[in-house]
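Participant: Give me a 3D structure for the following:
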Amino acid sequence: MADAYVHVACPSCLKANRVPAARVGDGPKCGGCGTPLLDGKPVALDARNFDALVGRTDLPVLVDFWAPWCAPCRAMAPAFAAASAELATRVRCAKLNTEEVPELAARFGIRSIPTLALFRGGREVERVSGAMDARALVRWVSDRT
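Facilitator: Numbering: from 1, shown residues only. Got it, this is the predicted structure:
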């Protein structure tokens, strides 16, 4: 029987990498540029990398739509970072600054922030608005993956 693989897009060069599913937790690096693929830190999304990182990654992708002027967004940032570290081998976590990329916020109909959207195969499957602590965030994601 063939080994199962997981495709993970590199956050640096955007190359799609094929990682053995059993080795996802072993700190895989990009075959092209050597960047760690799943380091447990949220990836910054923009117009250039959004479709590649969300669409070329077999893992679910949790996107935090936020803005720097939003107090609840800033308050949730440490919790999102903590949840990203905890979910590192199961879910890619990413942040999208709606002030810098308003066209993506509009594309997904983001009307309030913070909004968390969960993607699978490049398609949004679930969303929730409002700040959460790390434990609630991990539970919300775990219940949906």
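Participant: quick one: contacts for Leu53?
Facilitator: Residues in contact with Leu53, defined by CB atoms under 8 Å, 6 or more residues apart in numbering, are 9, 11, 14, 43, 45, 61, 92, 94. Bear in mind the C-beta positions are built from the backbone N, C-alpha and C, glycine included.
Participant: From what I see, the second one and Gly40 are in contact.
Facilitator: No - with contacts defined as CB atoms under 8 Å, Pro11 does not count as touching Gly40, sitting 11.8 Å away.
Participant: Of the two, which one has the most company?
Facilitator: Comparing Pro11 with Gly40 by other CB atoms under 10 Å, the one with more neighbours is Pro11, at 24 against 16.
Participant: you'd agree the more buried one is in a helix?
Facilitator: No - looking at Pro11 with DSSP: H, G, I helix; E, B strand; the rest coil, it is coil, so not inside a helix.
Participant: Closest to the centroid, which residue in the chain?
Facilitator: Cys93 (2.6 Å; CA atoms, centre = their mean).
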